[in-house]
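> What would the 3D arrangement of this be:
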Amino acid sequence: MADYVIESVISRPFEQATYILWKTGQKQAIVVDPGFDPRGILQLLEHEGLALTAILNTHGHLDHIAGNRPIKEAYPDAPLVIGRGDAVMLSDPAANLSESYGLPVTSPPADLLVDDGDVLDYAGFRLVVREIPGHSPGSVVFLSGETSPRFVLGGDVLFAGSIGRTDMGGDFALLVRGVREKLWPLHEQTVVYPGHGPATTIGREKRDNPFVGDAAGA
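Residues are numbered from 1 along each chain as shown. Predicted coordinates for the structure are as follows:
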């Protein structure tokens with residue numbers, strides 16, 4: 001039985017998944033990638049009686065940062081965290097792609113910029129940062145290797161049966177290499193919580209993913 005809870009809030013128009021996680025029996029929480037439904041996120045926190053301790057962004061695209069401002073305004077002491085390579089996207093609607101969708105989005109600046117190998121301790125979780133660029137310039141994932149089961153907050157790096165888009169200034173080869181070098185060594189039962197679509201496992205994707213798994217070949 002898991003010793004933590006992970007709930008999702010799915011927001012339109014991109015069907016993006018925001019995750020709220022907390023340890024069982026505790027009242028501190030982390031919000032990952034606040035999207036276009038900040039009200040839903042705040043209502044869940046209030047319903048569960050949770051105090052927010054951190055806002056984590058896996059990357060800086062509009063659908064993953066759209067809720068940063070209202071969540072930060074509601075919890076000003078919760079640090080906003082993003083990978084160093086995507087920091088500029090928080091304040092630049094062209095860089096975060098919101099301008100091209102006609103939905104200009106800006107976010108407060110990050111309180112903490114993280115790099116590959118950094119370790120975060122929030123709400124009782126110890127999360128290791130792994131930088132996996134390719135979908136965005138500085139995309140990161142957050143790995144929990146001390147929970148049961150282990151999990152990855154993966155953003156748009158790896159999906160069930162797919163990977164993140166690389167046709168909007170990304171790099172397909174870089175993304176594939178990053179997934180294989182930094183995610184495949186993880187335990188096969190590690191659960192992946194992606195930015196879109198259902199959860200999956202490292203083992204399943206390593207075997208069957210047509211882009212980066214064994215099915216993709218060399």
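> what secondary structure does the residue nearest to Ile10 when sequence neighbours are not counted sit in?
Spatial nearest neighbour of Ile10, excluding adjacent residues (CB to CB, 6 or more residues apart in numbering): Ala17 at 5.6 Å. In this view, the C-beta of every residue, glycine as well, is placed from N, C-alpha and C. Taking DSSP: H, G, I helix; E, B strand; the rest coil as the rule, one finds Ala17 in the strand state.
> Identify the residues contacting Ala17.
Taking CB atoms under 8 Å, 6 or more residues apart in numbering as the criterion, Ala17 is in contact with 8-10, 33, 35, 193-197.
> The same query, at a cut-off of 10 Å, please.
Shown in contact with Ala17 (CB atoms under 10 Å, 6 or more residues apart in numbering): 8-11, 32-33, 35, 63-64, 155, 193-199.
> Can you flag the buried ones in those?
Among these, the ones that count as buried by 16 or more other CB atoms under 10 Å are 8-9, 11, 32-33, 35, 63-64, 155, 193-196, 199.
> ok so, going back, restricted to strands, list the contacts of Ala17.
If you go by DSSP state E, the contacts of Ala17 have 8-11, 32, 155, 193-194 in strands.
> Pipe the residues you listed into a markdown table and attach pLDDT and distance to Ser91 per row.
A markdown table is the format used below for those (pLDDT from 0 to 100; distance: CB to CB, whole Å):
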| residue | pLDDT | distance to Ser91 |
| --- | --- | --- |
| Ser8 | 97 | 27 |
| Val9 | 98 | 24 |
| Ile10 | 97 | 26 |
| Ser11 | 95 | 21 |
| Val32 | 98 | 20 |
| Gly155 | 97 | 19 |
| Tyr193 | 98 | 27 |
| Pro194 | 98 | 26 |
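> any chance of those residues in JSON lines, with distance to Ile71 too?
Output for the ones in strands among the contacts of Ala17, formatted as JSON lines (distance: CB to CB, whole Å):
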{"residue": "Ser8", "distance to Ile71": "15"}
{"residue": "Val9", "distance to Ile71": "11"}
{"residue": "Ile10", "distance to Ile71": "16"}
{"residue": "Ser11", "distance to Ile71": "12"}
{"residue": "Val32", "distance to Ile71": "11"}
{"residue": "Gly155", "distance to Ile71": "17"}
{"residue": "Tyr193", "distance to Ile71": "18"}
{"residue": "Pro194", "distance to Ile71": "20"}
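> tell me the pLDDT at Val114?
What the model reports for Val114 is a pLDDT of 98.
> leaving aside the residues next to it on the chain, what's closest to it?
With CB to CB, 6+ apart, the residue lying closest to Val114 is Val129, at 4.7 Å.
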